[in-house]
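Engineer: My questions are about this predicted structure, shown below with the sequence.
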Amino acid sequence: AQSVTQPDIHITVSEGASLELRCNYSYGATPYLFWYVQSPGQGLQLLLKYFSGDTLVQGIKGFEAEFKRSQSSFNLRKPSVHWSDAAEYFCAVGVLRNTGGFKTIFGAGTRLFVKA
Amino acid sequence: GAGVSQTPSNKVTEKGKYVELRCDPISGHTALYWYRQSLGQGPEFLIYFQGTGAADDSGLPNDRFFAVRPEGSVSTLKIQRTERGDSAVYLCASSLTDRGNTIYFGEGSWLTVV
């Protein structure tokens, strides 16, 4: 079955430090991969997505993610974290149906804390 | 509309009652998704529509849950005989199609069953 694993329930980084959030997926075909961010009291917002092509994907707010097929991973990175990045981050995989459409399956999330 | 709109934003109901949650997607979006998010968890897929039909309802937990989208726009998630375990945030999302377009989420309907 398709699944997404985010091994870290929460991570704390200092403002200005680099960040890497881990994501592993289980899916039999070429995956469609996503990272979403959810701030308190707000809806989910798409940070970036990978469908094909270059395995290093750039997103909004200075985030990037790298797809590594051999490791079934899609880790999210940011070189310098800002206090406003404190939020919950969700990795997700698009599960393709035989009609060509797909639904999105989410991981359990990683809560990011940023300390001054 | 400008974004995905969900009503009510908060609902408290008694165990055993019937509840309806409404989602108004972005205008022109043909795909509409329902998710449930419990505290400390990621969104759990329930059902999605492409147009008026339910393309995939494999995530509905049991037959107390039902969703409709009769005209291919607004959708209603219906929960019968609510249980305390149904308490969660119910998220709706829409996208232009179900073929990889960006999915936009509403802010959710917080359901509390007491």
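Structural biologist: Right, received. Where do you want to start? Residues are numbered from 1 along each chain as shown, chains lettered A, B, ... in the order given.
Engineer: From now on I want contacts and neighbour counts done on CA atoms only, so please keep to that.
Structural biologist: Will do.
Engineer: so how far is B:D56 from the most far-flung residue of chain A relative to its centre?
Structural biologist: Note on chain A: the largest C-alpha distance from the chain mean falls to A:T99, namely 25.8 Å (CA atoms, centre = their mean). According to CA to CA, to the nearest Å, A:T99 stands 11 Å off from B:D56.
Engineer: got it, and A:Q42?
Structural biologist: 26 Å.
Engineer: neighbour count winner among the two?
Structural biologist: Set A:Q42 next to B:D56 and count neighbours by other CA atoms under 10 Å in any protein chain shown: B:D56 wins out with 17 against 12.
Engineer: Which residues of chain B lie near chain A?
Structural biologist: Neighbours of chain A within chain B, by CA under 8 Å from any CA of the partner chain: B:40-45, B:48, B:97-100, B:102-108.
Engineer: So which of those belong to strands?
Structural biologist: Taking DSSP state E as the definition of strands, these contribute B:E44, B:F45, B:Y48, B:Y104, B:F105.
Engineer: among the residues you listed, which two are most distant?
Structural biologist: B:E44 and B:Y104 (15.6 Å; CA to CA).
Engineer: nearest spatial neighbour of A:P79, skipping sequence neighbours?
Structural biologist: A:S18 (4.4 Å; CA to CA, 6 or more residues apart in numbering or on different chains).
Engineer: ok, residues contacting the lowest-mean-pLDDT helix or strand in chain A?
Structural biologist: Least confident element among the helices and strands of chain A, by mean pLDDT, DSSP states H and E: strand A:102-106 (a mean of 86). Residues outside strand A:102-106 that contact it (CA atoms under 8 Å, 6 or more residues apart in numbering or on different chains) are A:2-4, A:90-97, B:42-45, B:48, B:98-100.
Engineer: Going toward the C-terminus from it, what's the next helix or strand?
Structural biologist: The helix or strand immediately downstream of strand A:102-106 is strand A:110-115, counting by DSSP states H and E.
Engineer: Which strands and helices lie in contact with that next one?
Structural biologist: When contacts are defined as 3 or more CA pairs under 8 Å, 6 or more residues apart in numbering or on different chains; DSSP states H and E, strand A:110-115 sits against strand A:10-14, strand A:87-96.
Engineer: Please identify the most buried of those.
Structural biologist: Among the helices and strands packed on strand A:110-115, ranked by average contacts under mean count of other CA atoms under 10 Å in any protein chain shown, first place goes to strand A:87-96 (a mean of 24).
Engineer: mind listing what the nearest residue to A:Q6 once chain neighbours are set aside touches?
Structural biologist: Spatial nearest neighbour of A:Q6, chain neighbours left out: A:C23 (4.8 Å); criterion: CA to CA, 6+ apart. When contacts are counted by CA under 8 Å, 6+ apart, A:C23 touches A:V4, A:T5, A:Q6, A:P7, A:S73, A:F74, A:N75, A:L76, A:C91.
Engineer: Count the residues that sit near B:P70.
Structural biologist: For B:P70, using other CA under 10 Å, the count is 12.
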